[in-house]
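> Using only what follows, build the 3D model:
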Amino acid sequence: MNTLLRFTLAFAVGVVLPDLWALPANAVLLGAGVLLLFLLVFSNRLNRYFSGSLWFLLAVAMGWANRYLTTKTHDLSHIIHYTQPFEAYQAAVAAPVEVRRKTFKTEVEVRQIKIAGQWQKATGRLLLYVAKNAPEPKYGDVLLIKGTPKRVLAPQNPAQFDYQKFLRYRQIFHQHYLRNTDFATTQQIQTVWYKKWAYSLGKWSDTQLKRLVPWPREYAVTKAMVLGLRDEMDPELVQAYSVAGAVHVLSVSGFHIAIFVWILSKLLGFLEKRKHGRGLYLTATLAIMWFYAVLTGLSAPVIRSALMFTLLLLAQPLGRKQNTENALFGSAFVLLLLDPLLIYSVSFQLSYAALAGIIFLQPFLYQTLTFKYKWADWIWAITAVALTAQLATFPLGVYYFNQFPTYFWLMNPVVVGLAFLQLPLALATIVFSWVPFLAEGLGWTTTLTTWLLNQTVVWTEALPYSRLAGLAFSKFELVMVYALIGTLLALVYYRNRRWLWATVVLSLGLFRWQLLENQNYATQKTMVIHAIPNQTAVSLIAGQRALLLADTAFLNDPRAFDFYLDDFYTQRGIRQATRVALEDSPRHPPLLKRFLFGQLLVWQNQKIVFIDQPVAALPPVADLILVRKNAYRSPADLLKSFGNQHVILDNSNKYYVLEKLQQQGLNLPYHFTNEQGAWVK
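From the prediction side, this is the model:
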């Protein structure tokens with residue numbers, strides 16, 4: 001195994017170790033120091049395998065130590081340690097401002113907080129949402145903000161996207177929504193010079209694209225491809241790119257950096273023919289490439305690609321052979337050294353998995369077929385890249401996104417070809433935006449090329465069976481599938497019977513696991529009252545069938561269903577879901593019976609009552625009572641009507657009503673979904 005790969009893997013194990021096993025920091029740091037000293041003194045006298053094991057253990061300890069030292073919450077001045085409310089705090093805008101439909105969104109670094117009339121130093125990064133009627137913050141602005149930021153909440157529904165965990169791995173734990181009267185911009189400025197320059201250029205570039213690419217959808221895609229910002233894209237178009245297996249072109253990554261370096265090689269290649277021109281060419285190429293990386297936000301895929309190209313470009317002048325494997329592993333190690341928590345980034349995982357597949361598998365697959373014509377060979381080369389990248393990433397894609405793009409192999413050459421044309425055109429549009437007529441011509445050419453790219457993915461999405469949806473892998477299945485892929489590849493490469501037996505054993509194990517899962521799905525019975533903002537949604541699951549009772553507004557909003565319920569249904573193996581609107585109970589007399597105070601549902605021999613109005617007559621007795629739509633506003637009335645029955649108050653009730661009931665009725669034996677999340681039985 002490659003030495004750099006072994007070290008990087010060991011370092012990565014150390015990074016994830018704190019989530020699996022709590023260890024005292026001082027002991028680990030001291031142990032790592034002692035082990036390093038021991039190896040430096042005695043390494044040459046030790047057995048080769050024993051010495052290698054100790055170096056591996058040292059790399060693990062280094063990964064653990066690096067994560068500990070870069071974790072900002074270990075600083076006692078971090079705002080996560082303060083339990084008292086803030087009167088105010090001072091923070092600097094630390095990222096470009098994203099324009100959303102109703103707010104401006106950005107990240108700020110806390111500098112000071114005010115508690116009990118005293119200002120004190122504090123640290124921590126948080127998300128800021130500013131109302132559109134307020135002045136737009138700018139990068140570097142130092143803001144004086146009234147109030148206390150709120151902790152980002154854990155997901156309130158089973159299998160819902162965990163935004164809290166996503167932000168925690170970026171070391172963000174708080175968020176704050178501001179009206180125009182909640183903050184003021186001070187005269188102070190706090191910036192990093194190269195970021196300020198890059199962000200300013202990015203904003204100017206965005207302005208030019210918006211002016212010269214007149215069609216909104218095409219402008220949004222061009223902005224995403226060139227600047228790495230998707231804030232203007234509609235979710236339906238993003239989904240179309242995902243279904244076509246082309247979503248990677250919407251994020252600035254290795255593909256974009258490769259095109260950018262290719263453009264630079266054509267523009268600056270003449271320098272290599274001159275005396276000392278090689279050094280000038282390398283310096284200019286690396287400087288412009290890294291500036292573009294900063295311009296697009298220094299995301300993990302961009303840094304990875306820029307690092308890899310840096311290592312490859314510097315190999316020849318340093319007298320080294322270009323080695324894509326070492327460039328891949330070395331860039332991964334550098335990224336984890338700078339930010340250990342990147343290992344939990346889906347983008348990081350997919351990026352390195354795809355590139356590993358391309359580097360190690362594409363050459364072998366490409367050589368299996370030969371073509372007489374160059375255009376056919378080019379198409380096969382691109383298709384081989386798509387096939388190997390997809391093989392390496394599809395387990396992660398199923399695990400995170402529960403779907404698989406069926407026609408990726410067919411559309412990838414078309415998408416890559418159009419993107420290879422579109423990106424240089426878009427960059428030229430920005431560069432020559434000051435030239436009359438030429439700028440407009442380039443802008444329209446970019447617009448039409450992007451329109452064709454968009455139509456290609458939209459047409460692909462419209463094809464029958466364009467995606468396999470409803471797929472799900474558990475963590476165990478994810479590991480098993482990757483192990484199975486590994487043994488299959490080893491079997492093809494080594495032609496050894498041991499790998500055949502390993503493949504058979506893994507296949508049988510995975511098959512057995514799937515059988516057990518299907519048995520569990522077939523016998524499951526679950527009732528869930530979901531926590532949906534301003535809506536009621538109840539899932540009644542029996543086997544692989546679900547009955548969804550919800551407000552019409554929720555049932556008519558596919559984006560809400562996808563966000564709150566779709567992953568839950570997929571993980572539960574639901575194959576058939578019947579949707580019933582609570583407002584349409586007269587249309588479903590066998591299922592729902594309407595009364596003056598609400599509705600009655602009998603399911604699996606259990607009575608469930610939906611309370612829409614206060615009960616004036618004899619209170620109902622049921623297995624479960626769901627109070628909704630602000631039917632009750634007094635704790636005393638609730639207790640009088642329902643006593644100690646199973647009562648749930650969901651998020652269809654106004655927030656202030658639920659808050660009042662919780663404050664006034666401290667001992668109410670009821671479940672409030674706004675605080676306790678979804679009710680699951």
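
> does K138 really touch A92, like I thought?
No - using Cβ atoms under 8 Å, K138 is not in contact with A92; the gap is 10.8 Å. Where you see a C-beta, it was placed from the backbone N, CA and C, and this is true even at glycine.

> who's in contact with L307?
327, 330-331, 334-335 (Cβ atoms under 8 Å, 6 or more residues apart in numbering).

> Any stretches of the stretch 451-600 of the chain with poor pLDDT?
In the predicted model of the stretch 451-600 of the chain, residues 585-590 satisfy pLDDT under 70.

> in it, which spans are strands?
467-469, 525-529, 537-542, 545-550, 576-581, 592-595, 598-603 (DSSP state E, counting those that start in this stretch).

> As JSON lines, those with distance to F642 and mean neighbour count would be great.
As requested, the strands of the stretch 451-600 of the chain are arranged in JSON lines below (distance: least, Cβ to Cβ, whole Å; neighbours: other Cβ atoms under 10 Å):
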{"stretch": "strand 467-469", "distance to F642": "41", "mean neighbour count": "15"}
{"stretch": "strand 525-529", "distance to F642": "15", "mean neighbour count": "18"}
{"stretch": "strand 537-542", "distance to F642": "18", "mean neighbour count": "22"}
{"stretch": "strand 545-550", "distance to F642": "20", "mean neighbour count": "21"}
{"stretch": "strand 576-581", "distance to F642": "24", "mean neighbour count": "14"}
{"stretch": "strand 592-595", "distance to F642": "15", "mean neighbour count": "17"}
{"stretch": "strand 598-603", "distance to F642": "12", "mean neighbour count": "19"}
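
> So for D650, which of those sits nearest?
strand 525-529 (5.8 Å; Cβ to Cβ).

> thinking again about what came up before, could you dump the strands of the stretch 451-600 of the chain into TSV with distance to S634 added?
Output for the strands of the stretch 451-600 of the chain, formatted as TSV (distance: least, Cβ to Cβ, whole Å):
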stretch	distance to S634
strand 467-469	46
strand 525-529	22
strand 537-542	25
strand 545-550	27
strand 576-581	29
strand 592-595	21
strand 598-603	18
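
> Buried among the contacts of L307? Need that as a selection in ChimeraX.
To isolate the buried ones among these in ChimeraX, judged by 16 or more other Cβ atoms under 10 Å, type:
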select :327,330,331,335
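
> S641 is in contact with Y632, isn't it?
Yes - at 7.4 Å, S641 and Y632 qualify as touching, with contact defined as Cβ under 8 Å.

> Touching both of those two, which residues are there?
P614.

> on that earlier part again, which one of the strands of the stretch 451-600 of the chain lies closest to N180?
Short answer: strand 537-542, nearest of the strands of the stretch 451-600 of the chain by Cβ to Cβ, at 34.0 Å.

> between that closest one and strand 545-550, how many degrees?
160 degrees (axes from the mean of the first three to the mean of the last three Cα atoms, to 10 degrees).

> Identify the neighbouring strands of strand 537-542 in the sheet and state each direction.
Paired strands of strand 537-542, with direction, are strand 525-529 (antiparallel), strand 545-550 (antiparallel) (DSSP bridges).

> what about the residue nearest in space to the middle of the chain, distance to S251?
Closest to where the C-alpha atoms of the chain average out (Cα atoms, centre = their mean) is V346, at 5.6 Å. Computed as Cβ to Cβ, to the nearest Å, the V346 to S251 distance reads 11 Å.

> So which of the contacts of L307 sit within helices?
327, 330-331, 334-335 (DSSP state H).

> Pick out whichever of those sits closest to Y366.
For the ones in helices among the contacts of L307, the nearest to Y366 is A327 (19.6 Å; Cβ to Cβ).

> In the beta-sheet assignment, what are the partners of the nearest residue to T578 once chain neighbours are set aside?
Spatial nearest neighbour of T578, excluding adjacent residues (Cβ to Cβ, 6 or more residues apart in numbering): L547 at 5.1 Å. Legend: beta-bridge partners of L547 under DSSP bridges are L540, T578.

> I'd say L547 and S539 touch.
Yes - at 7.4 Å, L547 counts as touching S539 under the criterion of Cβ under 8 Å.

> Let me know whether R545 touches G573 as I believe.
No - using Cβ under 8 Å, R545 is not in contact with G573, being 10.2 Å away.

> Look up which helix or strand V108 falls in, please.
V108 belongs to strand 103-115 when assigned by DSSP states H and E.

> list the helices and strands the helix or strand just after that strand packs on?
Downstream of strand 103-115, the next assigned helix or strand under DSSP H and E is strand 118-121. Helices and strands touching strand 118-121, by 3 or more Cβ pairs under 8 Å, 6 or more residues apart in numbering; DSSP states H and E, are strand 103-115.

> Can you list the neighbours in contact with the helix or strand hosting L350?
Using DSSP H and E, L350 maps to helix 346-366. Applying Cβ under 8 Å, 6+ apart, the set of residues contacting helix 346-366 from outside is 248, 251, 253-254, 299-301, 304, 324-325, 328, 332, 335, 342-343, 380-381, 384-385, 387-393, 396-397, 400, 489.

> again with stretch 113-124
By Cβ under 8 Å, 6+ apart, stretch 113-124 touches 72, 75, 77-80, 82, 84-90, 109-112, 173-174.

> which among the residues you listed end up buried?
For the contacts of stretch 113-124, buried by 16+ other Cβ under 10 Å: 78-79, 82, 86, 88-90, 109-112, 173-174.

> Report the two of these separated the most.
Spanning the widest gap among the buried ones among the contacts of stretch 113-124 are A88 and F173, at 19.0 Å by Cβ to Cβ.

> The closest residue to Q606 other than its chain neighbours - how many residues pack around it?
Excluding the flanking residues, the one nearest Q606 by Cβ to Cβ, 6+ apart is D623, at 4.3 Å. Using other Cβ atoms under 10 Å, D623 is surrounded by 16 other residues.

> And T3, by the same measure?
11.

> and of the buried ones among the contacts of stretch 113-124, the nearest to Y465?
Among the buried ones among the contacts of stretch 113-124, and counting by Cβ to Cβ, the member closest to Y465 is F173, at 42.4 Å.

> Many thanks, I have nothing further to ask.
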